[in-house]
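Participant: sequence first, then the predicted structure:
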Amino acid sequence: MVDSREISSKILSDIFYGKSFEKALLTNKEYAKLDQRDKSLVSLLVLTTLRRNGQINIVLSKYIKKPLKKNFLVNYLLKISVAQILFLEFPEYSTVHSAVEISKKYKSEKFTNAVLRNICKNKKHLIKNIPTTNNIPDWIKNGLKDFLGEKRLASIANQICKEPCIDINIKSKVFENYEWEKILKGKNVFKNIVRIKSQSNIADLPFYKEGSWWVQGLSSSLPVNIINTIFKENKKKGTVLDVGAAPGGKSFQLIDLGFKVKSIEISKKRILTFSANLNRLKINSNIINEDFLNAKLKEKFDCILIDAPCSGSGLMQKKPEMLVVKKNISSLLHKQKKMLLKASSLVKDGGYIIYCVCSILKEEGEKQITNFLNDQKCFSTENFFSDILEFGMVLKSNTFLATPNSFGKKGGVDGFFIACLVKNKV
Ligand SMILES: C[S@@+](CC[C@H](N)C(=O)[O-])C[C@H]1O[C@@H](n2cnc3c(N)ncnc32)[C@H](O)[C@@H]1O
């Protein structure tokens, strides 16, 4: 039986080479053989190491003169051991002992022992002067300093070190019928959303099989709440085109609220997940499997919701693997721009485009919108954000940005950008 720490090191290494956390777990044969307790330990070790990678690198660099090769497993074993000692408060002796035992396979036991013993000795002083902002990679951090300021950046960095909560969005039809806070052991944080502690198997939660709810991050639910506010009076009359619809959270919300919806999604694989979710929720939807940019849609829409593909930089707390891989966002920026342009030709006069991305980068959010408005003079932004201000802030451009530190005392939210664009009648 392979030790859980060695399995964690291998999984961590796969993530550094570009696999997602889920894929790295799924493709590890030794992980599959572990019992539930050890599987949870692996998740804890890997996720904590990812969240603290920047700080861990600085600590290790004090005791390792030459950086270790990227493909050397001991590299990852050391990172995990530092996370155990400094951030998870595991007993030092057993942490060092098991790391040394694993290192024997890689002929590095003396080296591992020396590095980790030094870290244990200086544990108290080591992390005091290494701010958590070091965990945010430069490609995200550099622009954010100017955009959001050092202080907000520091609170975001502190928030993303914490384990995220799970938000459960409950169907309107059943929301009033039960005491959901008790049933799900959570807190009703906004509208129909109950927030619960992280959970390893969602399908085991009550009323999952009955299709009474779906998992949806609070901030990801905000664009549809805004659409609902806009169309409050005549929602039955409006048709919404949900662009980039899978796995379906926003379409489910729209249908649940009584909107007529068309969902367009390019990825066949993601449509399978979308359809499985629809079946479980017993909801019907009109799904079009096409590239929105080439789709020949004949009708015009009252509202087009674009949940554009993006860097996902708002999801640093939920998907900490993004903290260790560099992303090139130029092709995403190009696609977001083209999606906005296409939507501008398909929305009715007086209708709305709701553009959103789960990113906190200015280029994917506010800048994308100011560029669009410069080119498209018949559009302007409107502010429908008054009841969601506790989750973020209104930007100069009259758009909204949820940042992970907002709502921090209640577990934070994913970073999310939203713009409401109205097509003015000329
Ligand atoms: C952020 S995800 C959408 C999440 C979804 N709206 C929800 O709430 O569950 C973006 C989606 O856009 C899809 N997408 C990317 N390019 C597209 C295109 N050209 N046409 C249609 N869908 C596209 C991706 O496959 C992905 O599923």
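Facilitator: Yes, it's here.

Participant: which part of the stretch 51-200 of the chain gets nearest to the ligand, residue-wise?
Facilitator: Nearest to the ligand in the stretch 51-200 of the chain, going by CB to the nearest ligand atom, is Asn169, at a distance of 10.6 Å. Just so you know, the C-beta spots here come from the backbone N, C-alpha and C atoms, and that holds for glycine as well.

Participant: wait, is that residue part of a helix?
Facilitator: No. Counting by DSSP: H, G, I helix; E, B strand; the rest coil, one finds Asn169 to be strand, located in no helix.

Participant: residues in contact with it?
Facilitator: Counting by CB atoms under 8 Å, 6 or more residues apart in numbering, Asn169 touches Asn192, Ile193, Trp213, Trp214, Val215, Gln216, Ser221, Gly249, Phe252, Gln253.

Participant: go on, Ala308?
Facilitator: Neighbouring residues of Ala308 by CB under 8 Å, 6+ apart: Val243, Gly244, Leu332, Lys335, Gln336, Met339, Tyr355, Cys356, Val357, Glu364.

Participant: for Cys120, same thing?
Facilitator: Counted by CB under 8 Å, 6+ apart, Cys120 has contacts Ile85, Glu92, Val96.

Participant: please repeat the previous calculation with a cut-off of 10 Å.
Facilitator: Cys120 makes contacts with Ser81, Ile85, Leu86, Glu92, Tyr93, Thr95, Val96, Leu126, as judged by CB atoms under 10 Å, 6 or more residues apart in numbering.

Participant: go on, Phe259?
Facilitator: 224, 227-228, 231, 235-240, 242, 251, 253, 302-303, 305.

Participant: when you compare pLDDT across these, which one is lowest?
Facilitator: Least confident entry in the contacts of Phe259, by pLDDT: Lys235, with 59.

Participant: before we move on, the earlier item: save the contacts of Ala308 as a markdown table, and put in neighbour count and distance to Ile136 too.
Facilitator: Converted to a markdown table, these look like this (neighbours: other CB atoms under 10 Å; distance: CB to CB, whole Å):
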| residue | neighbour count | distance to Ile136 |
| --- | --- | --- |
| Val243 | 28 | 29 |
| Gly244 | 22 | 26 |
| Leu332 | 20 | 19 |
| Lys335 | 16 | 24 |
| Gln336 | 25 | 22 |
| Met339 | 22 | 27 |
| Tyr355 | 27 | 25 |
| Cys356 | 27 | 22 |
| Val357 | 26 | 18 |
| Glu364 | 24 | 16 |
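
Participant: near the ligand, which of the residues you listed show up?
Facilitator: Val243, Gly244 (CB under 6 Å from any ligand atom).

Participant: among the contacts of Ala308, which one lies nearest to Gly143?
Facilitator: Gly143 lies nearest to Glu364 out of the contacts of Ala308, by CB to CB, at 10.0 Å.

Participant: now that closest one: phi and psi?
Facilitator: For Glu364, the backbone dihedrals are phi -90, psi -20 (criterion: degrees, to the nearest 10).

Participant: sorry, back to before: please flag which of the contacts of Ala308 sit within strands.
Facilitator: Of the contacts of Ala308, the ones assigned to strands by DSSP state E are Val243, Tyr355, Cys356, Val357.

Participant: ok, Pro309 - contacts?
Facilitator: Applying CB under 10 Å, 6+ apart, the residues near Pro309 are Gly244, Ile266, Ser267, Ser331, Leu332, Lys335, Gln336, Met339, Val357, Cys358, Glu364.

Participant: TSV for those, including distance to Lys425 and pLDDT?
Facilitator: Formatted as TSV, these follow (distance: CB to CB, whole Å; pLDDT from 0 to 100):
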residue	distance to Lys425	pLDDT
Gly244	27	98
Ile266	32	98
Ser267	35	98
Ser331	35	97
Leu332	32	98
Lys335	29	98
Gln336	26	98
Met339	23	98
Val357	28	98
Cys358	32	98
Glu364	29	98
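
Participant: out of these, who's nearest the ligand?
Facilitator: Gly244 (2.5 Å).

Participant: follow-up on the earlier one: buried only: go through the contacts of Cys120 for me.
Facilitator: Buried positions within the contacts of Cys120, assessed by neighbour count (16 or more other CB atoms under 10 Å), are Ser81, Ile85, Leu86, Glu92, Thr95, Val96, Leu126.

Participant: return the item of these having minimum pLDDT.
Facilitator: Lowest confidence among those: Leu126, with 89.

Participant: could you pull up the residues touching the residue lying closest to that one once chain neighbours are set aside?
Facilitator: Closest residue to Leu126 in three dimensions, ignoring its sequence neighbours and counting by CB to CB, 6 or more residues apart in numbering: Val59, at 5.6 Å. Counting by CB under 10 Å, 6+ apart, Val59 touches 52, 78-79, 82-83, 85-86, 115, 118-119, 122-123, 126-127, 130.

Participant: so Val59 is in which element?
Facilitator: Using DSSP states H and E, Val59 maps to helix 53-63.

Participant: repeat that for Lys269.
Facilitator: Using DSSP H and E, Lys269 falls within helix 268-281.

Participant: rewinding a little: which of the contacts of Phe259 are buried?
Facilitator: With burial judged by 16+ other CB under 10 Å, the buried subset of the contacts of Phe259 is 224, 227-228, 231, 235, 238-240, 242, 251, 253, 302-303, 305.

Participant: inside helices: which ones of those residues?
Facilitator: Counted as lying in helices by DSSP state H, out of the buried ones among the contacts of Phe259, are Val224, Ile227, Asn228, Ser251, Gln253.

Participant: off-centre distance for the least confident helix or strand in the chain by mean pLDDT?
Facilitator: Here the helix or strand of the chain ranked lowest by mean pLDDT, DSSP states H and E is helix 123-126, holding a mean of 89. Relative to its chain's centre, helix 123-126 lies at 31 Å (CA atoms, centre = their mean, to the nearest Å).

Participant: would Ile264 count as being in a strand?
Facilitator: Yes. The assignment for Ile264 by three-state DSSP puts it in a strand.

Participant: my read: it touches Phe274, true?
Facilitator: No. Using CB atoms under 10 Å, Ile264 is not in contact with Phe274, being 11.1 Å away.
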